[in-house]
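Q: coords please:
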Amino acid sequence: MTPGARQKVLAVFGTRPEAIKMAPVIRELRVRPDEFERKRHNRLAGGIGGKCLKMTVYLWLTFADRGFSFTCQHVWRNSIMPYSAMAVANYFLDCANSADREITPMKMQKLVYFAHGWHWAIFGKPLIKEDVMAWKFGPVIEPLYHGFKKYGKSAITDPGVVLSFDKDADGKVDILSGKFVIPRIPRDDINPKVKELLDAVEICYGKLTAIQLSNLTHAPDSPWSGVRAEGDLVSRNKIIPTEDIKKYFKKLSESSDRGDITSAKAVK
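A: Residues are numbered from 1 along each chain as shown. Now for the predicted structure:
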């Protein structure tokens, strides 16, 4: 480009610029390679190069590193624990459908959270891959929030999906291979004791309303309450420490006055 020449700049914005939002743009650029010259931007995730229009348009494609990896981590090696939160959510959704019971997004958050906590207490390992965030109104697992928020306060009717990518021969993510899949816990992979735990959690907590479950997560000694007590009641970026979740549910498992909750420890 001639120094000093006027340029038309195309900027792509988004609150969560995941790869799926950029894939159609990259696909179009590849369809017309003669109109573009390849550029490299060192902030691009996954080794994906940017391109710019010759003489007219610069296109800067910047992926949020956290958002991109966050999306991809759900679908690689899903059959090996820990599972994706969405796979666990779909397990509970199948249980609810079989029992002719409804699950709202809020209730789903709590079910997966309690299952994760009890799994730590009983087996000493995480059930899900994702962090649990201390949002203003309770613990939240972000991919579940974004996956089911379209339902609002209504019951979830369809299984949750995640974005899946293939990898090329060099082991890099192929952005154009993006497709939505329904993650599930493989029947031939799940440990019978883990299945027993999930079923126990569904029985113990599934009969409660979303509000009742929320009240349990807001108990004064809960991990969420501990994080929120530190201040900053607005931020959504506070992670509930794994150690706090572990200790809290371990304490519950040893309690004798929380029968409706601790019945889940029968799976030991």
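
Q: what secondary structure does residue 165 sit in?
A: For residue 165, the assignment made with DSSP: H, G, I helix; E, B strand; the rest coil gives strand.

Q: Not counting sequence-adjacent ones, nearest residue to it?
A: Of all residues not flanking residue 165 in the chain, residue 173 sits nearest, at 4.7 Å (CB to CB, 6 or more residues apart in numbering). C-beta here means a position set from N, CA and C on the backbone, and glycine is covered the same way.

Q: Relative to residue 94, how far out is the one you found?
A: Applying CB to CB, to the nearest Å, the value for residue 173 to residue 94 is 29 Å.

Q: Repeat that for residue 179.
A: Plainly put, residue 179 is 22 Å away from residue 94 if you go by CB to CB.

Q: Between the two, which is the more surrounded one?
A: Using other CB atoms under 10 Å as the criterion, residue 179 and residue 94 rank with residue 94 on top: 14 against 11.

Q: Dihedrals phi and psi, the more buried one?
A: Main-chain dihedrals, residue 94, degrees, to the nearest 10: phi -60, psi -40.

Q: before we move on, what about the one 3 residues further on?
A: Its backbone dihedrals place residue 97 at phi -60, psi -40, with angles given as degrees, to the nearest 10.

Q: and what of residue 204?
A: When read as degrees, to the nearest 10, the backbone of residue 204 gives phi -70, psi -50.

Q: Return the per-residue confidence for it.
A: Looking at residue 204, its pLDDT is 91.

Q: ok, how many other residues are close to it?
A: Residue 204 has 18 neighbours, counted by other CB under 10 Å.

Q: Quick check: the gap between it and residue 128.
A: Distance from residue 204 to residue 128, counting by CB to CB: 18 Å.

Q: same deal with residue 158?
A: From residue 158 to residue 128 the distance is 20 Å (CB to CB).

Q: out of these two, which sits in the more crowded spot?
A: With neighbours defined as other CB under 10 Å, residue 158 and residue 128 compare such that residue 128 has more, 24 against 11.

Q: how about the nearest residue to that one, chain neighbours excluded?
A: Take residue 128 and drop its neighbours on the chain: the residue closest to it by CB to CB, 6+ apart is residue 85, 4.5 Å away.

Q: so what's that neighbour up against?
A: With contact set as CB atoms under 8 Å, 6 or more residues apart in numbering, residue 85 has these partners: 74, 112, 116, 128, 129, 130, 141, 143, 144.

Q: ok, the residues you listed vs residue 241, which is closest?
A: residue 116 (13.3 Å; CB to CB).

Q: Do I have it right that residue 201 meets residue 117?
A: No - Residue 201 is beyond contact range of residue 117, at 9.3 Å (criterion: CB atoms under 8 Å).

Q: so where's the stretch 51-200 of the chain uncertain?
A: Confidence mapping of the stretch 51-200 of the chain against pLDDT under 70 gives the ranges 51-80.
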